[in-house]
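Next come a sequence and a model predicted from it.
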Amino acid sequence: MDKELLDRVAAVGRQAALAAGAVLRQNYYKPHRITLKGVIDPVTETDIQSQEMITALIRQTFPGHGLLAEETTEEGQGEQPRPAVSAPAWEEDPPAYRWIIDPLDGTVNFAHGFPAFCVSIALEAEGTLQYGVIYDPLRDELFEARKGGGAYLNGQPISVSKTARLDRALLATGFPYDIRERLPETLGRLGRLLGVAQGVRRAGSAALDMAYVACGRCDGFWEENLKPWDTAAGLLIIIEAGGRITTFSGGDYDIYAANILASNGSLHMAIIEELKF
């Protein structure tokens with residue numbers, strides 16, 4: 001992707017993340033209307049408002065770009081991967097552009113008033129992630145990366161930690177929405193890493209966990225059964241911050257994989273050993 005187009009993408013992505021974050025911040029202290037997509041998978045009216053804000057801003061500048069978003073859009077159910085629609089007329093030979101959007105990552109937290117949630121937006125061209133942004137509206141922290149351009153927090157460069165021992169490591173994890181069907185394996189992996197790490201945190205927002213790995217607050221992160229919108233922006237931000245991402249077995253990771261392990265790189269193989277089940 002050429003620099004001029006990527007500059008426009010970044011400007012729109014940043015604007016959308018900040019605008020959606022303002023919606024989350026404004027609604028945080030208000031009563032919520034909650035419905036359930038699954039037994040422990042809620043959606044609030046703020047998820048929908050945030051997504052509408054993001055998609056409206058994207059379509060103003062890029063009306064032909066595709067969308068893959070967590071909540072239902074006019075293109076179909078968010079959970080189903082969809083190809084991008086035609087690129088705008090100003091591109092002579094356009095690739096397939098697609099925005100991958102989580103309007104509110106950490107909905108359970110948000111619904112309960114627990115202050116750990118964010119907006120996550122990424123843009124891919126022909127299947128390659130080019131831009132990612134994660135915005136925490138309560139802390140006013142904006143994590144951002146462009147492919148090949150490094151990773152940033154509020155405009156300042158960030159990098160993963162240099163921690164090289166698991167007993168000095170702070171790790172993050174999350175529990176899948178179908179945890180009741182995979183409880184022994186999930187708790188088994190958690191128990192192993194609790195036994196060797198300095199600490200493990202479960203804050204309830206995968207995108208924020210990944211942002212924290214990128215800036216060195218956490219040394220590693222693992223989770224199962226995430227969706228593309230949970231990890232797309234964080235994937236690029238971690239890689240650009242010098243980190244490593246694979247599956248639990250060490251295989252190549254993509255945003256449709258069944259599980260994810262992200263780390264500072266130095267701890268990666270040690271964590272893989274503990275994740276074996």
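It's in.

so where is this protein shaky, pLDDT-wise?
31-42, 72-95 (pLDDT under 70).

can you list the domain ranges for it.
Listed domain ranges for the chain are 3-158, 166-275 (source: automatic domain parsing).

Export those domains to JSON lines and append columns for mean neighbour count.
The C-beta positions use only the backbone N, C-alpha and C, and glycine is treated the same way. Output for the domains of the chain, formatted as JSON lines (neighbours: other CB atoms under 10 Å):
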{"stretch": "domain 3-158", "mean neighbour count": "18"}
{"stretch": "domain 166-275", "mean neighbour count": "20"}
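
helices and strands around the longest helix along the chain, which ones?
As assigned by DSSP state H, the longest helix anywhere in the chain is helix 3-27. Counting by 3 or more CB pairs under 8 Å, 6 or more residues apart in numbering; DSSP states H and E, the packing neighbours recorded for helix 3-27 are helix 45-61, strand 97-105, strand 118-125, strand 128-136, strand 141-146.

List the neighbours of the fourth one that are in contact with it.
Which is strand 128-136. 1, 6, 9-10, 13-14, 17-18, 20-21, 117-124, 141-147, 207-208, 210-211, 232-237 (CB atoms under 8 Å, 6 or more residues apart in numbering).

Touching, residue 50 and residue 25? I think so.
No: between residue 50 and residue 25 there is no contact under CB atoms under 8 Å: 10.5 Å.

returning to what we had before: tabulate the helices and strands packed on helix 3-27 in a markdown table, adding columns for distance to residue 275.
Below are the helices and strands packed on helix 3-27 laid out as a markdown table (distance: least, CB to CB, whole Å):
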| stretch | distance to residue 275 |
| --- | --- |
| helix 45-61 | 31 |
| strand 97-105 | 23 |
| strand 118-125 | 24 |
| strand 128-136 | 24 |
| strand 141-146 | 25 |
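
Quick one: closest of these to residue 261.
Closest of these to residue 261 is strand 128-136, at 17.7 Å (criterion: CB to CB).

tell me the angle that closest one makes with helix 3-27.
30 degrees (axes from the mean of the first three to the mean of the last three CA atoms, to 10 degrees).

relative to strand 97-105, how tilted is strand 128-136?
20 degrees.

partners of strand 128-136 in the sheet?
Strand 128-136 pairs in its sheet with strand 118-125 (antiparallel), strand 141-146 (antiparallel), by DSSP bridges.

any chance of those strands in JSON lines, with distance to residue 180 too?
Shown next, in JSON lines, are the strands paired with strand 128-136 (distance: least, CB to CB, whole Å):
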{"stretch": "strand 118-125", "distance to residue 180": "25"}
{"stretch": "strand 141-146", "distance to residue 180": "32"}
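
For residue 193, which of the helices and strands packed on helix 3-27 is the nearest?
Per CB to CB, nearest to residue 193 of the helices and strands packed on helix 3-27: strand 97-105, 22.3 Å.

From the contact counts, what lies against the helix or strand following the closest one?
Downstream of strand 97-105, the first helix or strand assigned by DSSP states H and E is helix 107-112. Applying 3+ CB pairs under 8 Å, 6+ apart, one finds that helix 107-112 contacts strand 41-44.

Which stretches in the stretch 101-250 of the chain count as helices?
Under the criterion DSSP state H, counting those that start in this stretch, the stretch 101-250 of the chain contains helices at 107-112, 183-194, 206-214, 228-240.

For residue 276, find the nearest of the ones you listed.
Going by CB to CB, the one of those nearest residue 276 is helix 183-194, 8.7 Å.

Give the other helices and strands that that closest one contacts.
Using 3+ CB pairs under 8 Å, 6+ apart: helix 183-194 touches strand 170-173, strand 199-201, strand 220-224, helix 268-275.

quick one: residue 176 and residue 131, what's the gap?
27 Å (CB to CB, to the nearest Å).

cool, and residue 201?
Distance, residue 201 to residue 131, by CB to CB: 27 Å.

Over to residue 208?
18 Å.

Can you point out the helix or strand that includes the residue lying closest to residue 55 once chain neighbours are set aside?
Computed as CB to CB, 6 or more residues apart in numbering, the closest residue to residue 55 that is not its neighbour in sequence is residue 67, at 6.1 Å. Assigned by DSSP H and E, residue 67 belongs to strand 66-69.
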